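Enquirer: Everything below, folded, please.
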Amino acid sequence: MKVSVIGTGYVGLVTATCFAFLGHDVACLDINEKRIDLLNSGKVPIYEPNLEELLDICKKNGKFPVFSTNAQEVISHGEFIFIAVGTPPLPNGEPNLSYLESAALSIGKYMQDGAIVINKSTVPVGSGNWVSMLVQNGVKERVLAHPGNTIPKLKFSVASNPEFLREGSAISDSLYPDRIVLGCDSEQDTLRLKELYKELSEQVFEAPDFCPRPKNYAKVEMITTDITSAEMIKYSANSFLALKISFANQIANICDYVGADE
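Expert: Numbers count the residues shown, from 1 in each chain. Below is the predicted model:
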């Protein structure tokens, strides 16, 4: 299937590489020209074990992703368009959604009819509706670029597919996840995303030598829900991880205070 990924940071690059490894036709977009040039040369701009080796396998199999700064080229390519841009915190603690907003508007300008726009970025609960509105605004901007034309009657939908990757083991977490969460508001979108993930969910691909399939690992659990619930699952998972780390640190502090063995 044809997959577009917006953002070649940690999540976007790992996602794109793994989809290409599974045999899909992948194109990636980033505004950083140096990063794109580096990726097209087969080099990886981030540290993640085995990511460069996985890209090399894609190249040998004829499935090396397209890396480009051309938004129209990449976005119009995809049946599935993944948004994997950063949402870093602002000084007041709120997420910076400017990159997400820019990506959604660009998708509306260039997407093909029937595309599914999929949030992979960590976004506030309720962002699905906001992204849908922004994509529609992008569609309207096509009219401004071509005066006299009517608004294109393009069909699209928005879904949520949160990631649960750990730095240092992202390839393993992507190829052998403990669950895949698909947040869609229609049964048709759910079925299309399940088809996209079929090779992964059924584990029918040949595992790379440097990342073997875990023993007794056979099939991936697919969790299907609505968009809002999928967004909440991601925030709950992140919050619970932070809670566990905070609890462990507090216990360590108490151990130091009372002289107990940590």
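
Enquirer: N238 - nearest residue in space that isn't next to it in sequence?
Expert: T122 (7.1 Å; Cβ to Cβ, 6 or more residues apart in numbering). Where you see a C-beta, it was placed from the backbone N, CA and C, and this is true even at glycine.

Enquirer: phi, psi of the one you found?
Expert: T122 adopts backbone torsions of phi -80, psi 110, taken as degrees, to the nearest 10.

Enquirer: give me the number of residues near it?
Expert: Each residue near T122 was counted by other Cβ atoms under 10 Å, and the total is 17.

Enquirer: next one: the one 5 residues further on
Expert: S127 is flanked by 24 other residues according to other Cβ under 10 Å.

Enquirer: In three-state terms, how would I118 be classified?
Expert: strand (DSSP: H, G, I helix; E, B strand; the rest coil).

Enquirer: any idea how far it lies from H24?
Expert: I118 sits 13 Å away from H24, going by Cβ to Cβ, to the nearest Å.

Enquirer: about what we covered before: what's near enough to touch the residue nearest to N238?
Expert: Contacts for T122 (Cβ atoms under 8 Å, 6 or more residues apart in numbering) come out as 87, 95, 162, 234-235, 238.

Enquirer: Low-confidence stretches in the stretch 101-250 of the chain?
Expert: 146-152 (pLDDT under 70).

Enquirer: which residues of it fall in strands?
Expert: 115-119, 156-160, 180-183, 222-225 (DSSP state E, counting those that start in this stretch).

Enquirer: Can you tell me which of the ones you listed is most buried?
Expert: Mean neighbours per residue, mean count of other Cβ atoms under 10 Å, is largest over the strands of the stretch 101-250 of the chain for strand 115-119, with a mean of 25.

Enquirer: in the stretch 51-200 of the chain, which spans are helices?
Expert: With DSSP state H, counting those that start in this stretch as the criterion, the stretch 51-200 of the chain has helices at 51-60, 71-75, 98-110, 127-145, 170-175, 187-196, 198-201.

Enquirer: right, and V66 touches I75 too?
Expert: No. V66 is not in contact with I75 according to Cβ atoms under 8 Å; the separation is 11.8 Å.

Enquirer: Please identify which of these two sits among more neighbours.
Expert: Legend: neighbour count by other Cβ under 10 Å for V66 and I75, higher for I75 (24 against 19).

Enquirer: Excluding chain neighbours, what is closest to the more buried one?
Expert: Sequence neighbours aside, Y110 is the residue nearest to I75 in space, at 4.0 Å (criterion: Cβ to Cβ, 6+ apart).

Enquirer: Neighbours of the one you found, how many?
Expert: 22.

Enquirer: wait, what's in contact with it?
Expert: Counting by Cβ under 8 Å, 6+ apart, Y110 touches 71-72, 75-76.

Enquirer: try L243
Expert: No contacts exist for L243 under Cβ under 8 Å, 6+ apart.

Enquirer: so how far is N253 from it?
Expert: The gap separating L243 from N253 is 16 Å, by Cβ to Cβ.

Enquirer: swap in A159?
Expert: For A159 relative to N253 (Cβ to Cβ), the value is 42 Å.

Enquirer: try Y176
Expert: 35 Å.

Enquirer: Give me the more crowded residue out of the two.
Expert: Neighbour count, other Cβ under 10 Å: between Y176 and N253, Y176 has more, with 17 against 11.

Enquirer: Would you check how far apart K140 and I6 are?
Expert: 20 Å.

Enquirer: Please apply the same query to V14.
Expert: 14 Å.
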